[in-house]
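S.K.: With the sequence up front, the predicted model follows.
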Amino acid sequence: MLDDASNCLGVVVVGAIFLHFLVKFLGRKSPSVPPGPSGLPVLGHLLQIPLHYPEVAFHKLGQLYGDLVYMYVPGRKMVVVNNRAVAEELLEKRGANYSDRPRFTMLVEMMGWDPTLTLMPYSKRSQKHRRMLQQYLAHDTLKNFQVYQIAESKKLISKLISDDAHYEEHVKLYILALIMKIAFGHEISEDDQYVKMAHDVTYTLDNSGAPGATPPDLLPSLKHVPSWLPGASFATFAKNWRKAVRLIHDLPYQQVKEKHEQGTANACFLNEALENSSEDSFSSAEHVEDIKGVAANIFCAGNDTTFGTILCFMLAMVLNPEVQERAAKELDEVVGRDRLPTFEDRSRLRYVECVVQETLRWHPVLPLGIPHKTVQADIYQGYHVPAKTVVIANAYGMSRDEKVYQQPHEFRPERFLPKPDGNGEPYFDPSWGFGRRVCPGKPLADASFWIAAATILSTVQLSAAGSVEPKFVSGGIVSYPERFPCRVEVRDAVRASLLH
Ligand code: HEM
């Protein structure tokens, strides 16, 4: 009797324990993806991502849903990061998992940009490309190019003074001259083969659709569609322009290699890479493609970005004459009137530095950076970030963070000055990206931008030649001011005479 009762009790206890664990197991909540707007079946959020100014839409979503916003489009899960500290935690501290890139079917597989670091998955090869670039753009090499940057910035301002109607073309040629010299050792003349080649490549980059969002990017099997099929304009475009992409890889390499063998090559990335390569390495087609790819990448990553940044600076000066005046005054005091600024003056030009840094914050030319991708699933603050999620760091959104930047839409260089002169706000590094994929061209871009800005401020005055409604080119990766009426007048005749 007693035995029966204790058996019965045992069954009840074991049953209760089993039930307890079963309820706990069934009730366990798996972490959910970060919050975000609800999407449509199949299409997801495809129709909610605007073609123009998507960074502004993402910023607004960030204000509604928080620092991480989850969205998806066919074939792609996406997380938009709107907060700098969160981006640093994920893309830098957890960089081993967050440094891959999405597949760029149109640019890489159809147009031939496959030896291009910017678009490469995180791999041994991408690390090799970064090493090659970083070694070349190290402090000492860049110092050798300063003379050239100074000479080209003088040429730029002379052209702006004599022909301000074409200011954009002059800025374009300034950057082109520097990049062609540094990457390929080539000195451009207005209508040479390299200028035409650069023009064609820029056209292909500007017109092949938003990278990562073209039809073949969303549905990779479309890359097999024949170019004659009605509606397959992307395939026709890729077929017609692939040659231009190939040319910028092959032509400079062949020419520098010939000169290198004769011992007559100018100092440049290509020549240095050839010098550092052993005889054996030339039998590896991949190594040769690596050299060509890094050289072409200097052009395609550095051209529009630096061009756009200088245009942003010019627009900001036109819209904020008091800033321009204060910076010019600082140049008068620090540099004097009998010479032009040089790189040695930089550390003493505190306000000019703030103007340069505020340009990078006010309008980041890569407002959404270049997308990263996770390798494995991750948990962040209780949220599930699935494997192979495309992670977009919204630099624009971070630049408008009111907790960090007071009146973030305004161009206020003094925000960076320590208190009480300013507000002690931090420089805006997200303009250069994050972690293991951070821009390796920063030292070059920064120096090319700084010397152009300092020379402009010390010699000329920029003003509006009509009414200015700031608008920005948007829809591709790079965003910069649309044409605005800009007048360029000599501010200081003594200094302007030093331009020649
Ligand atoms: C003002 C001018 C420039 C800005 C604002 C800029 C900004 C950026 C940003 C935001 C990224 C993406 C980083 C990330 O994925 O987290 C990037 C990548 C890159 N930039 Fe720049 N960049 C500029 C100029 C240059 C120049 C002159 C070069 C020439 C060497 C260059 C070479 C690259 C390369 C190769 C990458 C890809 C790095 C990788 O995928 O690992 N950039 N840049």
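M.R.: Perfect, thanks for sending it.

S.K.: what number of residues lie near Arg246?
M.R.: Arg246 is surrounded by 14 other residues when neighbours are defined as other Cβ atoms under 10 Å. Placement of C-beta: from N, CA and C, glycine included.

S.K.: Contacts (any at all) between the ligand and the helix or strand that contains it?
M.R.: Arg246 is located in helix 233-262, with elements delineated by DSSP states H and E. No. When contact is scored as Cβ under 6 Å from any ligand atom, no part of helix 233-262 falls within range of the ligand; the minimum is 14.0 Å.

S.K.: List the backbone torsions phi and psi for the residue lying closest to Met106 once chain neighbours are set aside.
M.R.: Spatial nearest neighbour of Met106, chain neighbours left out: Thr214 (4.3 Å); criterion: Cβ to Cβ, 6 or more residues apart in numbering. According to degrees, to the nearest 10, the main-chain angles of Thr214 amount to phi -80, psi 160.

S.K.: residues contacting Thr214?
M.R.: Thr105, Met106, Ser208, Phe234 (Cβ atoms under 8 Å, 6 or more residues apart in numbering).

S.K.: go again using 10 Å as the cut-off
M.R.: Contacts of Thr214 were listed using Cβ atoms under 10 Å, 6 or more residues apart in numbering, and they are Phe104, Thr105, Met106, Leu107, Met110, Ser208, Leu222, Phe234, Phe237, Ala238.

S.K.: Show me which residues of this structure sit near the ligand.
M.R.: Within the chain, the residues that sit near the ligand (Cβ under 6 Å from any ligand atom) are 117-118, 130, 133, 297-298, 301-302, 305-306, 309, 365-366, 369-370, 372, 431-434, 437-441, 444-445, 449.

S.K.: and those residues, which of them are in strands?
M.R.: The strands in this structure, assigned by DSSP state E, contain His372 from the residues of the chain next to the ligand.

S.K.: rewinding a little: what mean pLDDT does the helix holding Arg246 get?
M.R.: Averaged across helix 233-262, the pLDDT comes to 95.

S.K.: Offset the numbering so it begins at 49, please.
M.R.: OK, 49 is where the count begins now, so the last one is helix 281-310.

S.K.: Can you list the helices and strands that it packs against?
M.R.: Of the remaining helices and strands, those touching helix 281-310 by 3 or more Cβ pairs under 10 Å, 6 or more residues apart in numbering; DSSP states H and E are helix 215-232, helix 241-255, helix 263-266, helix 317-323, helix 333-367.

S.K.: now the ones you listed as CSV including mean pLDDT and mean neighbour count?
M.R.: Supplementary listing: the helices and strands packed on helix 281-310 in CSV, determined by pLDDT from 0 to 100; neighbours: other Cβ atoms under 10 Å:
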stretch, mean pLDDT, mean neighbour count
helix 215-232, 97, 22
helix 241-255, 92, 17
helix 263-266, 86, 21
helix 317-323, 96, 20
helix 333-367, 97, 22
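
S.K.: roughly how far apart are the closest residue to the ligand within the stretch 49-198 of the chain and Gly483?
M.R.: Proximity of the stretch 49-198 of the chain to the ligand (Cβ to the nearest ligand atom) peaks at Thr166, 3.8 Å away. From Thr166 over to Gly483 the distance is 15 Å, taken as Cβ to Cβ, to the nearest Å.

S.K.: repeat for Ile296
M.R.: In this structure, Ile296 and Gly483 are separated by 28 Å, where distance is defined by Cβ to Cβ.

S.K.: more crowded one of these two?
M.R.: Regarding Ile296 and Gly483, a neighbour count based on other Cβ under 10 Å identifies Ile296 as having more, with 25 against 18.

S.K.: picking that back up, could you check the angle helix 215-232 makes with the helix holding Arg294?
M.R.: Between the axis of helix 281-310 and that of helix 215-232 there is an angle of 50 degrees, by axes from the mean of the first three to the mean of the last three Cα atoms, to 10 degrees.

S.K.: Can you show me the helices along the stretch 399-548 of the chain?
M.R.: Applying DSSP state H, counting those that start in this stretch to the stretch 399-548 of the chain gives helices spanning 443-447, 490-507, 541-544.

S.K.: Out of the ones you listed, which is the most enclosed?
M.R.: Highest mean neighbour count of these: helix 443-447, a mean of 27 (counted as mean count of other Cβ atoms under 10 Å).

S.K.: elements contacting that one?
M.R.: Counting contacts by 3+ Cβ pairs under 10 Å, 6+ apart, helix 443-447 is packed against helix 102-113, strand 124-129, helix 132-135, helix 398-410.

S.K.: try 7 Å this time
M.R.: Based on contacts counted as 3 or more Cβ pairs under 7 Å, 6 or more residues apart in numbering; DSSP states H and E, the elements that helix 443-447 packs against are helix 102-113.

S.K.: So which of the contacts of Thr262 sits lowest on pLDDT?
M.R.: Ser256 (86).

S.K.: Glu530: neighbour count?
M.R.: 13.

S.K.: Could you find the closest non-adjacent residue to it?
M.R.: With Cβ to Cβ, 6+ apart, the residue lying closest to Glu530 is Lys519, at 4.4 Å.

S.K.: count of neighbours near the one you found?
M.R.: 11.

S.K.: Ok, Leu510 next?
M.R.: Residues lying near Leu510 (other Cβ under 10 Å) number 24.

S.K.: Can you tell me who it pairs with across the strands?
M.R.: The partner list for Leu510 in beta bridges (DSSP bridges) reads Val536.

S.K.: Show the contacting residues for the residue in the stretch 249-398 of the chain that the ligand sits nearest to.
M.R.: With Cβ to the nearest ligand atom, the shortest gap between the stretch 249-398 of the chain and the ligand falls at Gly350, namely 2.7 Å. If a contact means Cβ atoms under 7 Å, 6 or more residues apart in numbering, then Gly350 has Ile227, Gly489, Leu492, Ala493 as its contacts.

S.K.: just curious, which of those is nearest to the ligand?
M.R.: The shortest distance between the ligand and any of these, using Cβ to the nearest ligand atom, involves Gly489 and amounts to 2.0 Å.

S.K.: Need the pLDDT of the closest one.
M.R.: pLDDT, the model's per-residue confidence, is 97 for Gly489.

S.K.: Excluding sequence neighbours, find me the nearest residue to it.
M.R.: Ranked by Cβ to Cβ, 6+ apart and with sequence neighbours excluded, the top spatial neighbour of Gly489 is Gly350, at 5.2 Å.

S.K.: isn't the residue nearest to Glu530 right next to Arg531, touching?
M.R.: No. With contacts counted by Cβ atoms under 7 Å, Lys519 stays clear of Arg531, the gap being 9.0 Å.

S.K.: Could you verify my assumption that Pro82 touches Asp115?
M.R.: No. Contact between Pro82 and Asp115 fails when scored by Cβ under 7 Å: they sit 8.4 Å apart.
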